[in-house]
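Undergrad: missing the sequence, but the structure's below:
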């Protein structure tokens with residue numbers, strides 16, 4: 001595969017991911033959550049797609065966008081390693097904002113579709129996993 005095809009494919013994938021995050025944000029807002037952060041990064045491998053508030057709960061949201069479900073549900077891509085990275089990023093985030101006294105929850109939003117044709121399905125899964133036991137909240 002040539003470099004230009006790989007670059008084109010990764011650019012298309014990046015744009016689809018950003019589109020999926022906007023769709024997920026719209027869904028969360030319509031559900032009453034207040035989105036307070038997008039693409040919060042802590043190093044090269046630790047990123048939180050969306051950070052939201054729901055009452056006294058701080059919600060860290062992983063968005064998984066897929067063109068179809070031919071290879072399974074998008075949530076299946078949130079495996080052990082991804083959960084560890086999200087846990088690390090959440091602890092970094094809490095330290096950065098001064099360790100607010102809030103409950104913490106990890107959600108996943110699945111977006112199926114593509115920017116050219118729109119969303120064919122979107123699902124919000126609440127409280128998908130808990131903070132990895134290796135990491136402690138800074139309070």
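TA: Structure received. Predicted, not measured: the structure shown is a model, and the values here were computed from it. Numbers count the residues shown, from 1 in each chain.
Undergrad: Beta-bridge partners for the nearest residue to residue 23 once chain neighbours are set aside, please?
TA: Leaving aside its sequence neighbours, residue 23 sits nearest to residue 111 (Cβ to Cβ, 6 or more residues apart in numbering; 5.1 Å). Backbone N, C-alpha and C define where each C-beta goes, glycine included. Listed by DSSP bridges, the beta-bridge partners for residue 111 are residue 65, residue 122.
Undergrad: Which stretches in the protein count as strands?
TA: 34-41, 47-54, 57-66, 103-114, 118-129 (DSSP state E).
Undergrad: can you give me how far stretch 30-49 is from the chain middle?
TA: 7 Å (Cα atoms, centre = their mean, to the nearest Å).
Undergrad: Mind listing residues that contact that stretch?
TA: Contact partners of stretch 30-49, identified using Cβ atoms under 8 Å, 6 or more residues apart in numbering, comprise 21, 24-25, 28-29, 50-54, 59-63, 85-86, 88-90, 92-93, 124.
Undergrad: Repeat that for stretch 85-103.
TA: By Cβ under 8 Å, 6+ apart, the list of residues contacting stretch 85-103 reads 37, 40, 42, 45-48, 51, 53, 56-58, 60, 62, 78, 104, 106, 131-132, 134-139.
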